[in-house]
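*Asks:* sequence? don't have it. structure:
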Ligand code: FES
């Protein structure tokens, strides 16, 4: 839990600073300045030192992340290097690994393949399959193909937008439910159809949706 900093300005205050997070440290400086009209040297030195230590720690974590991403991308590229159309195959491998195509991975892929980042994003956005955001813990996909459309998939989509507070292609802010639409899942005889966490639900009704969403949310709460 974050601790609010007390007002500082004593000899022992600088030593106490290490207990505060970055935002609290800046808060301390502002309060000290407001009270005294200046920031005592020992406090500004200590805050600067602590921020530098934390920055260095962040750089080390970022460095580790970068090298993991580089290694993963190099492996995918090595696997598909001599294949025609390898960009799509590599993007599939990346999406299978991460559940989506993170920007930093796309940037590393651009460097590794010598392909412009804009070209990579052209491919990602052209194919509906690729995702640019992390997937939700649960997925609701409504079929909006012709048969389902004629049987009212538009109402299902509208109701889900309201219940989830997001549009199709988006994930709820708590990353629990991803909502999307597709064109025909091959179950036209059960239109309107939807898929919830991989399970096909035929003859879907808008009146059932609140219950379905509540059940998915309950799974999250039970897991918490
Ligand atoms: S159009 Fe929806 S399953 Fe075919």
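*Replies:* That came through, no problem. Predicted model only: the values in this text are computed from it and were never measured.
*Asks:* if I look at the closest residue to the ligand within the chain, how far off is residue 202?
*Replies:* Closest contact between the chain and the ligand, by C-beta to the nearest ligand atom, is at residue 145 (2.6 Å). The way it works is simple: take the backbone N, C-alpha and C, and place the C-beta from them, glycine included. Applying C-beta to C-beta, to the nearest Å, the value for residue 145 to residue 202 is 13 Å.
*Asks:* same question for residue 26.
*Replies:* For residue 26, the distance to residue 202 - C-beta to C-beta - is 56 Å.
*Asks:* quick one: contacts of stretch 161-168?
*Replies:* Defining contact as C-beta atoms under 8 Å, 6 or more residues apart in numbering, one finds that stretch 161-168 is touched by 140, 142, 157, 160, 172, 177, 179, 180, 181, 209, 210, 213.
*Asks:* more crowded one of residue 145 and residue 202?
*Replies:* More neighbours surround residue 145 than the other of residue 145 and residue 202, with 19 against 15 (other C-beta atoms under 10 Å).
*Asks:* the more buried one reaches residue 181, doesn't it?
*Replies:* No. Using C-beta atoms under 8 Å, residue 145 is not in contact with residue 181; the gap is 9.3 Å.
*Asks:* and residue 54, how many neighbours?
*Replies:* Neighbours around residue 54, by other C-beta under 10 Å: 13.
*Asks:* actually residue 207, not the one I wrote
*Replies:* Residue 207, neighbours per other C-beta under 10 Å, totals 8.
*Asks:* that one: what secondary structure?
*Replies:* At residue 207 the chain is in helix, as set by DSSP: H, G, I helix; E, B strand; the rest coil.
*Asks:* for residue 105, same thing?
*Replies:* Residue 105 ends up helix, using three-state DSSP.
*Asks:* residue 73 is in contact with that one, correct?
*Replies:* Yes. Look at residue 105 against residue 73 with C-beta under 8 Å: they come within range, at 6.3 Å.
*Asks:* any shared contact partners between these two?
*Replies:* Common neighbours of residue 105 and residue 73 (criterion: C-beta under 8 Å, 6+ apart): residue 94.
*Asks:* and residue 73, what does it touch?
*Replies:* Each residue near residue 73 by C-beta under 8 Å, 6+ apart is listed here: 94, 105, 108, 109, 112.
*Asks:* do you know the pLDDT at the nearest residue to residue 44 once chain neighbours are set aside?
*Replies:* Excluding its sequence neighbours, the residue lying closest to residue 44 (C-beta to C-beta, 6 or more residues apart in numbering) is residue 29, at 7.0 Å. Here the pLDDT value assigned to residue 29 is 79.
*Asks:* do residue 224 as well
*Replies:* 48.
*Asks:* what does this protein put close to the ligand?
*Replies:* Residues of the chain lying near the ligand by C-beta under 6 Å from any ligand atom: 143, 145, 146, 147, 148, 184, 185, 186, 187, 188, 191, 193.
*Asks:* return the backbone torsion pair for the fifth one.
*Replies:* Here is the backbone geometry of residue 148 (degrees, to the nearest 10): phi -70, psi -40.
*Asks:* can you report how many residues neighbour it?
*Replies:* Other residues lying near residue 148 total 28 when counted by other C-beta under 10 Å.
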